[in-house]
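[1] sharing a model that was predicted from the sequence below.
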Amino acid sequence: MDTEAELTQRGHSDPEKGAEGPRSAFSARSALSVFSGAPGWQRVGALGAICAVFLLLFANFVVQPFLIPSHSMEPTLQVGDRLLVNKLAYRFGDEPRRGDVVVFDGTGSFVRERAAGNPVGEALRGAGSALGLAQPPDTDFVKRVVGVGGDDVVCCDAGGRIQVNGVALDEPYLFPGDTPSKVPFRIVVPLGTLWVMGDHRSQSRDSRDHLGEPGGGMVPVEKVIGRADWIGWPVSRWGSVTGAGGGPHG
């Protein structure tokens, strides 16, 4: 009798366990049917939201578009160019090198700390900037690395060229007609910081303009957002951004 009762219990329980699979499959089909049965505008809106979230995550961690707002990096970068900033370039132990074109947060070095604004407005502006649809925050800058931590940077030698550790720089990326610098200086770059300058030296506010301020115009490496590796827009400007010596970044 015990054996029969045991078999009877098994017989009642097995169908219930087996029913879980069909129930799960039914639920998934129901969800899909609800989505597919939704009006076309709702499906388009949902897909658009998913794509926007994916692009924001991609821009935040991998590659971020950056709209060029000024003439300070001409001729390398022109107003309206949309850079693709490689945010992984320095994430795994590598650090900026001389000649790299970098995007950085200038808060505390190029601009003073500011009180927080409207959080909703800041979030919307940040999202537009991250997607390359709006100008970057006025605390973000793009410049070329001229000196890294420990470098002795001098302007200028007898030939009018900037020297780094006693070696004159060859700067083929300078704007035609510009001199390397009209402002004489000699600085030793503290460890963990960068000395940066624009390629259009006569139109660039860079490390030279902040020599007498707290921080001395040095940009902390931790403030670097990423390396400007490519120009993604307009189509006529597609290509790599030139690094030191006029060649593309490696």
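    Now that the structure is in, tell me what you want to look at.

[2] tell me, how many neighbours does residue 170 end up with?
    Applying other Cβ atoms under 10 Å, we find 10 residues neighbouring residue 170. Just so you know, the C-beta spots here come from the backbone N, C-alpha and C atoms, and that holds for glycine as well.

[3] ditto for residue 172
    Residues contacting residue 172 under the criterion other Cβ under 10 Å number 10.

[4] could you look up the SS state of it?
    Secondary structure, DSSP: H, G, I helix; E, B strand; the rest coil: residue 172 is coil.

[5] can we start the residue count at 112 from this point?
    Fine by me, first position is 112 from now on; the one you just mentioned is residue 283.

[6] wait, residue 224 sits on residue 218?
    Yes - between residue 224 and residue 218 there is a contact under Cβ atoms under 8 Å: 6.1 Å.

[7] same drill for those two, tell me which one is more crowded.
    residue 218 (14 against 7).

[8] how about the nearest residue to that one, chain neighbours excluded?
    Using Cβ to Cβ, 6 or more residues apart in numbering and skipping residues adjacent in sequence, the residue nearest residue 218 is residue 250, 4.8 Å away.

[9] any idea how far that neighbour is from residue 285?
    26 Å (Cβ to Cβ, to the nearest Å).

[10] quick one, which of the two is more surrounded?
    Shown here are residue 250 and residue 285; by other Cβ under 10 Å, residue 285 has more neighbours (20 against 17).

[11] secondary structure element for the closest residue to that one other than its chain neighbours?
    In this structure, residue 285 finds its nearest non-sequential neighbour in residue 310, 5.9 Å apart by Cβ to Cβ, 6+ apart. Per DSSP states H and E, residue 310 falls between elements, in no helix or strand.

[12] hang on, residue 310 packs against residue 291?
    No - checked against Cβ under 8 Å, the pair residue 310 and residue 291 is beyond contact range at 10.6 Å.

[13] need the overlap of contacts for those two.
    Listed contacts common to residue 310 and residue 291 are residue 285; contacts here mean Cβ atoms under 8 Å, 6 or more residues apart in numbering.

[14] which residues in this protein form helices?
    113-129, 131-148, 151-172, 230-241 (DSSP state H).

[15] pick out the shakiest of these, pLDDT-wise.
    Mean pLDDT values for the helices of the chain show the minimum at helix 113-129, a mean of 46.

[16] returning to what we had before: so which of residue 310 and residue 291 has more stuff around it?
    Set residue 310 next to residue 291 and count neighbours by other Cβ under 10 Å: residue 310 wins out with 23 against 19.

[17] distance of the residue nearest to residue 285 relative to residue 325?
    26 Å.

[18] same question, residue 336
    Distance of residue 336 to residue 325, computed by Cβ to Cβ: 21 Å.

[19] okay, these two: which has more neighbours?
    residue 336 (20 against 9).

[20] surely residue 215 and residue 334 touch.
    Yes - with contact defined as Cβ under 8 Å, residue 215 reaches residue 334; the gap is 5.0 Å.

[21] residue 286: what's it in contact with?
    185, 186, 310, 311, 312, 313, 314.

[22] one more: residue 284?
    By Cβ under 8 Å, 6+ apart, the contact set of residue 284 is 186, 187, 255, 310, 353, 357.

[23] from those, which land in strands?
    residue 255 (DSSP state E).

[24] list buried residues within the contacts of residue 284.
    Among those, those classed as buried by 16 or more other Cβ atoms under 10 Å are 187, 255, 310, 353.

[25] confidence-wise, which of those comes last?
    Scoring the buried ones among the contacts of residue 284 by pLDDT puts residue 353 last, at 80.

[26] what's the spacing between it and residue 188?
    Using Cβ to Cβ, residue 353 is found at 10 Å from residue 188.
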